[in-house]
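A.B. asks: Sequence first, then the predicted structure, then my questions.
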Amino acid sequence: MESGLFAEDSQIRRLNREGVLLGGAGYAILLQVAHPAVGRGVYEHSDFTARPINRLRGTLTFVYGLVFGTEEEAERVSRIVRAMHKTVVGPGYNALDPDLQIWVAATLYSSGIRMYEMTFGELDAAAKDEVYRQSAVFATALGCPEDRWPTTRADFELYWARMVDSIEVGDTAREIAAGLFAPANPLVRPLARMQRFLSAGLLPPRIRDQLGLDWGPGRQRMFDRLFAVVRAVYPRLPMAVRSLPKNAYMWDMRRQAARGRLYRRPKAAVRALPTISRRRNGAPVRSAPGRPRGHRVR
């Protein structure tokens, strides 16, 4: 297999190969939609509350394809995602806005580093600097100019604190969160309950409270005990087990690419979020026109 964007022993690969990072998926999603413009774009153009597993598949294909794919695979994934985002435009939001791209990429970086350090302990400064610099790929792959990613990790911490302190969560984000954690598929509900618990424990208290996620001393003790077990058990698992999700998604990505079915357009958001679509005095929310269901994006 030809080389990719990163060396085999790079910090971004060491971090993202770990399956435990999936525990932060809900955390990253909720932070993304907490931003009013991102939330509105998801509200009107995504169906991940109706098909959370499919949407997770798309996000992980993006992350794993960039980090572990060949250069051609990484470029293909980036090209497809940028093409899909061209239609995500509406009042007050545009998926090609570099400010929104930085925020989405920042949540992916924050989620990964947070879960990794809670499981393995804090990385040293050099390793953290390396994985931070490499994580700029999550923004540039979306089309964000490279110089818009905060230059240093210290710059990023200032940016992150400013964003967390300034974001005001609206009804759209709360309804998306409610739909995300109440999936129609009963087989997904136990996973959704676990993601809700993990997300609430990981989120900044201010955003958690605005999203309406219950928390308190009892839940915090449960959260702390859970991660004490994770820290004791997970690092001792064989690497073949820990990297199983990454390997499975890379296999699936290559299989779908060979069939010309790497990505599919989401369904209309009106179908995905029926409770939201009935708002505005009964008038349905209209989504931007998209390709018919089943259209293949190559």
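C.D. replies: That came through fine.

A.B. asks: When you work out contacts or count neighbours from here on, use the C-alpha atoms and nothing else.
C.D. replies: Will do.

A.B. asks: can you pull out the strands in the stretch 51-200 of the chain?
C.D. replies: Taking DSSP state E, counting those that start in this stretch as the criterion, the stretch 51-200 of the chain carries its strands at 89-90, 93-94.

A.B. asks: Can you tell me which of those is most buried?
C.D. replies: Highest mean neighbour count among the strands of the stretch 51-200 of the chain (mean count of other CA atoms under 10 Å): strand 93-94, with a mean of 18.

A.B. asks: what about K86, neighbour count?
C.D. replies: 11 (other CA atoms under 10 Å).

A.B. asks: again with E75
C.D. replies: Around E75 there are 16 residues (other CA under 10 Å).

A.B. asks: nearest to V63, of the strands of the stretch 51-200 of the chain?
C.D. replies: strand 93-94 (21.2 Å; CA to CA).

A.B. asks: Tell me which strands that closest one pairs with, and in which orientation.
C.D. replies: Applying DSSP bridges, strand 93-94 is found paired with strand 89-90 (antiparallel).

A.B. asks: mind checking how far the strand it pairs with is from the chain centre?
C.D. replies: The chain centroid and the centroid of strand 89-90 are separated by 20 Å, computed with CA atoms, centre = their mean, to the nearest Å.

A.B. asks: One more: stretch 35-42?
C.D. replies: 14 Å.

A.B. asks: Could you measure from A182 over to L158?
C.D. replies: To L158, A182 is 34 Å away according to CA to CA, to the nearest Å.

A.B. asks: more crowded one of the two?
C.D. replies: A182 (18 against 11).

A.B. asks: Just want the phi and psi numbers for the more buried one.
C.D. replies: For A182, the backbone dihedrals (degrees, to the nearest 10) come out as phi -130, psi 60.

A.B. asks: please renumber so the chain begins at 5
C.D. replies: With 5 as the first residue, the last one maps to A186.

A.B. asks: Might you report the residue contacts of it?
C.D. replies: R193, A196 (CA atoms under 8 Å, 6 or more residues apart in numbering).

A.B. asks: Look at it and report its pLDDT.
C.D. replies: Note for A186: predicted pLDDT of 88.

A.B. asks: One more: V24?
C.D. replies: V24 is given a pLDDT of 98.

A.B. asks: what about it, neighbour count?
C.D. replies: V24: 20 neighbours (other CA under 10 Å).

A.B. asks: Flag every buried residue along stretch 193-205.
C.D. replies: For stretch 193-205, the neighbour count (16 or more other CA atoms under 10 Å) marks A196, Q199, R200, F201, L202, S203, A204, G205 as buried.

A.B. asks: mind checking which helix or strand of this structure has the lowest mean pLDDT?
C.D. replies: strand 300-301 (a mean of 32; mean pLDDT, DSSP states H and E).

A.B. asks: low-confidence ranges in the chain?
C.D. replies: Confidence mapping of the chain against pLDDT under 70 gives the ranges 5-6, 52-54, 56, 267-302.

A.B. asks: Any chance of TSV for the buried residues of stretch 193-205, columns distance to M226?
C.D. replies: Output for those, formatted as TSV (distance: CA to CA, whole Å):
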residue	distance to M226
A196	17
Q199	14
R200	13
F201	10
L202	10
S203	13
A204	12
G205	10
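
A.B. asks: of the residues you listed, closest to E77?
C.D. replies: Nearest to E77 among the buried residues of stretch 193-205, with distances taken as CA to CA, is Q199, at 29.5 Å.

A.B. asks: Was I right to think that closest one contacts G27?
C.D. replies: Yes: when contacts are counted by CA atoms under 8 Å, Q199 is listed as touching G27 (6.8 Å).

A.B. asks: I figured A204 hits G220, correct?
C.D. replies: No: A204 lies out of contact with G220 (CA under 8 Å); the separation is 10.3 Å.

A.B. asks: mind listing the helices for the stretch 5-154 of the chain?
C.D. replies: For the stretch 5-154 of the chain, the helices defined by DSSP state H, counting those that start in this stretch occupy 15-20, 29-38, 40-49, 56-72, 75-89, 102-124, 129-138, 141-144.

A.B. asks: contacts for the first one?
C.D. replies: What it means is helix 15-20. The contact list for helix 15-20, computed with CA under 8 Å, 6+ apart, reads 10-11, 68, 71-72, 116-117, 120, 131, 134-135, 138-139.

A.B. asks: residues of that helix that come out buried?
C.D. replies: Buried positions in helix 15-20, judged by neighbour count with 16+ other CA under 10 Å: Q15, I16, R17, L19, N20.
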